[in-house]
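A.B. asks: give me coordinates for this.
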Amino acid sequence: GPFTSYRKALASWFLKNSRIYTRDEKTYHYLCDTLGLVNVINSKDLAFLDIPYQHNRNINDKVKLKYGLKENSYITIVPSGLVGSYTQNIDAYIQAYVSIVTDILEKHSGIDKVVLLPHVFSSKGPEDLIVIDKIVININKQLLERITVVSDKMHPYEARLILGGGIFTIAGRMHAAVSTYQMKKPAICLSYSVKYDGVIGTGLNMKELVIECANDEIWSSGEIVSQVAKKVKYIEENYDSLIKIIEDKVASVQTEAHEQLVDIAFQLTNIN
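C.D. replies: Model (predicted):
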């Protein structure tokens, strides 16, 4: 959704007997108020919960050592391979990321390195790594030694450890942002969908770190670069207070996500 035309009536009909758990309040109110569904439970994204091995100190050390990363000395950027969801101007999209990486390395002395991390690998569509390769090709050679490209397919906990070990993340993939917040670090979200606002902007009270950028103009004009720069400055100036807000809010949404799993388990064990 949101559904249009006759699909709205079909959705209301076919979903009326389903038990639905939502990951944000916008979806909850849409299902209840617009589709008229009644068996809807307002919950949170399950990705806010812990995953196996993410707290394993030995694995954490091995991951950092493998990629030459020092805790809290780098930032992670996750460019999305879904270029068309943002703009039809692919060149402007790539150049914007080149400018963002360059600005961060040249203007922020507290950031030693930028990690370019692909979040989605797919044999059927554009991969994040393809975009990353195009970004790196256009980076000033003098800066390349301060850039780490993660090109390996890895376990979810390895990606989460990299995201959580940095100072903050700039993410074009929502669940890379979710994993960063789950590890109690801030993430600037480059949003192409209302889901970013629902899960992170409203769900975590982090609207200040969500940039709506699903239009050609913001990429073609380079406005996205200045928008990101403003968010980076905001994080640097409010870092300690942001961490405290994130810690409190993530604990709250984790409780809701866990309650969802408990309820699902209860429903499954009480099927007649």
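A.B. asks: where exactly do the strands run in the stretch 1-150 of the chain?
C.D. replies: Along the stretch 1-150 of the chain, counting by DSSP state E, counting those that start in this stretch, strands occupy 20-22, 40-42, 74-78, 113-116, 147-149.
A.B. asks: quick one: list the elements packing against the third one.
C.D. replies: Helices and strands touching strand 74-78, by 3 or more Cβ pairs under 8 Å, 6 or more residues apart in numbering; DSSP states H and E, are helix 90-107, strand 113-116, helix 156-165, strand 169-171, helix 174-182. Placement of C-beta: from N, CA and C, glycine included.
A.B. asks: quick one, which of those is packed in tightest?
C.D. replies: For the helices and strands packed on strand 74-78, ranked by mean neighbour count under the definition mean count of other Cβ atoms under 10 Å, the leader is strand 169-171 at a mean of 28.
A.B. asks: partner strands of it and their direction?
C.D. replies: Using DSSP bridges, strand 169-171 pairs in its sheet with strand 74-78 (parallel), strand 187-191 (parallel).
A.B. asks: which residues touch the first one?
C.D. replies: Spelled out, that is strand 74-78. Defining contact as Cβ atoms under 8 Å, 6 or more residues apart in numbering, one finds that strand 74-78 is touched by 97, 100-101, 104, 111-119, 128, 148, 162-163, 165-173, 176-177, 180.
A.B. asks: please apply the same query to stretch 117-133.
C.D. replies: Looking at what lies outside stretch 117-133 - Cβ under 8 Å, 6+ apart - the contacts are 76-83, 93-94, 97, 116, 149-151, 153, 159, 162-163, 171, 173, 175-176.
A.B. asks: and stretch 235-251, what's its mean pLDDT?
C.D. replies: Confidence over stretch 235-251, taken as the mean pLDDT, stands at 97.
A.B. asks: repeat that for stretch 42-61.
C.D. replies: Stretch 42-61 shows a mean pLDDT of 95.
A.B. asks: swap in stretch 121-138?
C.D. replies: Stretch 121-138 shows a mean pLDDT of 84.
A.B. asks: now that stretch: buried residues?
C.D. replies: 127-129, 131-132, 134-136 (16 or more other Cβ atoms under 10 Å).
A.B. asks: and of these, the nearest to Glu237?
C.D. replies: Top of the list for closeness to Glu237, among the buried residues of stretch 121-138 and by Cβ to Cβ, is Ile135 at 27.0 Å.
A.B. asks: any idea how far that closest one is from Arg7?
C.D. replies: 38 Å (Cβ to Cβ, to the nearest Å).
A.B. asks: likewise for His108?
C.D. replies: Computed as Cβ to Cβ, the His108 to Arg7 distance reads 47 Å.
A.B. asks: more crowded one of those two?
C.D. replies: His108 (16 against 11; other Cβ atoms under 10 Å).
A.B. asks: packing partners for the strand or helix carrying Ile264?
C.D. replies: Following DSSP states H and E, one finds Ile264 within helix 239-269. Using 3+ Cβ pairs under 8 Å, 6+ apart as the contact criterion, the elements in contact with helix 239-269 are strand 20-22, strand 40-42, helix 174-182.
A.B. asks: of the ones you listed, which is nearest Arg57?
C.D. replies: Ranking these by distance to Arg57, with Cβ to Cβ as the measure, places helix 174-182 first at 17.5 Å.
A.B. asks: all set, thanks.
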